[in-house]
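Chemist: How does the following fold in three dimensions:
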Amino acid sequence: MKTSIIICFYEKTAYLKCCLDSLKNCTDDFDEVIIADDGSSEIVESEVKKFITDYPFPIVHAWHSRKDSRRAACRNNGIRHAAGDYLVFMDADFAVLPYAIKSHVGAAKPGWFAAGRCKYLAEEQTKRLLSERMSSDLLEKVYLELPDEQIFKEHREFVRYGILRKLRLASARRQTFGGHFSIHKKDIESINGYDENYVGWGGEDQDIAMRLVMAGFRGTSVIKSARILHLWHPKEMGEKPWCEGENTEYFFRKKIPVYCDNGLIKT
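Modeler: As a prediction, the model looks like this:
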């Protein structure tokens with residue numbers, strides 16, 4: 001089974017380099033990286049094309065033109081460029097610890113997706129990762145500086161939701177991916193990928209998680225085992241949650257098809 005990592009990226013090359021550097025610690029666990037670029041400037045695009053040649057694994061830079069923030073379309077573009085049978089989705093502001101990708105791949109089963117979470121770094125911790133030489137020891141040290149309580153809580157909630165959903169006691173709208181997730185390519189293609197009607201802040205991850213559950217797919221947790229750090233940066237909407245953004249009304253509409261019209265294939 002060939003594995004592709006799809007990294008959603010826009011403009012912040014220092015974060016992308018940190019993410020790619022962290023993946024050097026697990027090069028045996030995947031086959032390629034797809035940088036799904038949400039329309040970075042020509043200067044950034046040129047810079048990315050230069051430094052990705054320095055990495056010991058294949059990297060494809062999948063760029064599309066900028067038309068506001070289009071994370072759903074960006075990820076679909078990554079899917080189209082991916083040669084892997086199994087896809088691991090993450091963002092460019094992640095630092096990946098050893099065995100995180102192996103944990104995702106180890107959970108791979110047809111008809112299932114694997115969902116993970118991140119520990120969120122403070123500004124000073126992020127500066128350390130961006131300035132110091134990347135190593136597995138550094139990642140381990142920073143990861144252990146942060147408490148495990150929230151990660152364990154989110155794992156329990158994910159497992160609990162899966163049980164309630166199996167008993168039909170929970171809504172599909174409550175399914176979430178969190179920070180990173182993985183799935184067989186043919187399975188995400190079966191619901192036509194991400195709904196590209198999500199433009200701007202938030203909702204696209206919640207939508208695809210919901211539609212996968214509606215289609216009969218089940219989720220497994222790699223929250224405790226697939227350890228990933230989320231680099232600090234100013235939030236896109238300050239402290240507001242995504243459900244106060246511009247896509248809320250569309251997400252909460254009454255009738256949502258499992259197979260979206262404006263996805264990988266336009267219908």
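
Chemist: contacts, neighbours, all on C-alpha from now
Modeler: OK.

Chemist: tell me the helices in the chain, going along the chain?
Modeler: 13-23, 42-51, 71-81, 100-106, 123-131, 136-145, 149-166, 185-189, 204-214, 248-251 (DSSP state H).

Chemist: closest to Ser221 out of these?
Modeler: For the helices of the chain, proximity to Ser221 was assessed by C-alpha to C-alpha; helix 149-166 is nearest, at 6.5 Å.

Chemist: Counting by contacts, list what that closest one packs against.
Modeler: strand 218-221 (3 or more C-alpha pairs under 8 Å, 6 or more residues apart in numbering; DSSP states H and E).

Chemist: Sheet partners, orientation included, of the strand it packs on?
Modeler: Taking DSSP bridges as the criterion, strand 218-221 forms sheet pairs with strand 112-116 (parallel).

Chemist: Would you mind extracting the C-alpha trace of the strand it pairs with into PDB?
Modeler: Coordinates of each C-alpha in strand 112-116 appear next as PDB, following Å, rounded to 0.1, in the frame of the first residue of the first chain:
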ATOM      1  CA  TRP A 112     -12.800   3.300   8.100                       C
ATOM      2  CA  PHE A 113     -11.000   6.600   8.700                       C
ATOM      3  CA  ALA A 114      -8.500   7.400  11.500                       C
ATOM      4  CA  ALA A 115      -8.700  10.700  13.300                       C
ATOM      5  CA  GLY A 116      -6.000  12.500  15.400                       C
END
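
Chemist: How far away from the center of its chain is that strand?
Modeler: Taking C-alpha atoms, centre = their mean, to the nearest Å, one finds the center of strand 112-116 at 11 Å from the center of the full chain.

Chemist: hmm, who's touching that strand?
Modeler: Contacts with strand 112-116, where a contact means C-alpha atoms under 8 Å, 6 or more residues apart in numbering, come from 104, 107-108, 177-184, 217-224, 226-227.

Chemist: relative to helix 149-166, how tilted is it?
Modeler: Relative orientation of strand 112-116 and helix 149-166, computed by axes from the mean of the first three to the mean of the last three C-alpha atoms, to 10 degrees: 160 degrees.

Chemist: how many degrees apart are strand 112-116 and helix 204-214 in direction?
Modeler: 150 degrees.

Chemist: what's the burial count for Lys67?
Modeler: 10 (other C-alpha atoms under 10 Å).

Chemist: got a list of what it touches?
Modeler: Gly39.

Chemist: Quick check, pLDDT for it.
Modeler: Lys67 carries a pLDDT value of 80.

Chemist: Which residue, other than its chain neighbours, is closest to Phe158?
Modeler: Ser221 (6.8 Å; C-alpha to C-alpha, 6 or more residues apart in numbering).

Chemist: That neighbour is in contact with Arg156, isn't it?
Modeler: No: Ser221 lies out of contact with Arg156 (C-alpha atoms under 8 Å); the separation is 9.1 Å.

Chemist: Quick check on the two: which one has the bigger neighbour count.
Modeler: The neighbour count for Ser221 versus Arg156, taken as other C-alpha under 10 Å, is higher for Ser221 (24 against 14).

Chemist: Much appreciated, bye for now.
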